[in-house]
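Asker: pasting the sequence and the predicted coordinates here, then a few questions.
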Amino acid sequence: MTESEVRLIDEKGLRVDGRRPDELRPITFKIGVLENANGSAYIEQGKCKIIAAVYGPHEVHPRHLSMPHRAVLRCRYHMAPFSVPDRRKSPAPTRREIELSKVIREALEPIIFTELYPRTAIDIFIEVLQADGGTRCAGLTVASLALADAGIPLRGLVAACAAGKVDGKIVLDLNDVEDKEGEADLPVAYIPALNKILLLQMDGILSANEFKEAINLALEGCKRIHSLQVEALRNRYISMEG
Ligand code: UDP
């Protein structure tokens, strides 16, 4: 479908789900949702529903896969077959899921003090239960909370959020229709504690000025999500004390 066939911003400047251009989707977190994982967390971001579980640090089998000076981080991003409208989503790992597992692992590795756990593995499972755009970012955000819930020492929490261009305008936190029908999508993962970007991808075309505007907006979104992560962790520990 061409750009002109789908109207993504109305005459009042609002998006298909009623948001302003710089507005995030509503976000809620639950921490410690699984009994059998060492750490877990759940996120709802708009219509996206994603759960993350962390196991480890634990022994590596076979042992030759272990590293003498640090823990090995393994990550599996998976979309449940019922998470998307098209029934063609195979339960087997797709090329996209393999790519996302890799980029999420690479974004999370620098935040973990892996050197504290030589010869072990830390496993992160991200299960997308319902997808509506931006699942790599929401998956990263919730995985960093699951790592914290597992008590694994972290340099900080990673928050991730995309910005992009729809109907010629730079907008924050694209949903599925904006991702598919818009002109560009720029997912960013950011760790405020180190002031570092840990993931930066781009799909579509932006001018240099649009790119600057989009990355600044995505970083602003990451900072807002980070505040929500901190609040959710704090509430979790207050409720455990009570
Ligand atoms: N999607 C889908 N079927 C698939 C893969 C993705 O319907 O097999 C949808 C889903 O809503 C996802 C969106 O397309 O969130 C955007 O996918 P993309 O690959 O850009 O990754 P994401 O934005 O989720 O990180």
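Answerer: Cool, the structure landed.
Asker: which SSE is immediately downstream of the host helix or strand of Glu178?
Answerer: Element membership for Glu178 (DSSP states H and E) is helix 176-181. Proceeding C-terminally, helix 176-181 gives way to strand 184-191 as the next helix or strand, assigned by DSSP H and E.
Asker: mean confidence for that following strand?
Answerer: Averaged across strand 184-191, the pLDDT comes to 98.
Asker: what are the phi and psi angles of Val103?
Answerer: Here is the backbone geometry of Val103 (degrees, to the nearest 10): phi -70, psi -30.
Asker: identify the residues contacting it.
Answerer: Each residue near Val103 by Cβ atoms under 8 Å, 6 or more residues apart in numbering is listed here: Arg136, Leu199, Gln201. Where C-beta positions appear, they are placed from N, C-alpha and C, glycine not excepted.
Asker: 6 Å instead, please
Answerer: Neighbouring residues of Val103 by Cβ atoms under 6 Å, 6 or more residues apart in numbering: Leu199.
Asker: hmm, back to that, contacts for the helix holding Glu178?
Answerer: With Cβ under 6 Å, 6+ apart, helix 176-181 has contacts from Val6, Leu8, Val16, Asp132, Gly133, Val166, Asp185.
Asker: the ligand next: which of these are close?
Answerer: Asp132, Gly133 (Cβ under 6 Å from any ligand atom).
Asker: which two among the contacts of helix 176-181 are spaced furthest apart?
Answerer: Greatest spacing in those, by Cβ to Cβ: Val6 and Asp132 (16.0 Å).
Asker: what's the local residue count around the nearest residue to Glu23 once chain neighbours are set aside?
Answerer: Of all residues not flanking Glu23 in the chain, Leu172 sits nearest, at 6.5 Å (Cβ to Cβ, 6 or more residues apart in numbering). Per other Cβ atoms under 10 Å, the neighbour tally for Leu172 reads 22.
Asker: and Gly32, how close does it get to Ile238?
Answerer: Per Cβ to Cβ, to the nearest Å, Gly32 is found 13 Å from Ile238.
Asker: name the residues of the lengthiest helix in the chain that come out as buried.
Answerer: Looking across the chain with DSSP state H, the single longest helix is helix 208-241. Using 16 or more other Cβ atoms under 10 Å as the test for burial, helix 208-241 gives 210-211, 213-215, 217-222, 224-226, 228-230, 232-233, 236.
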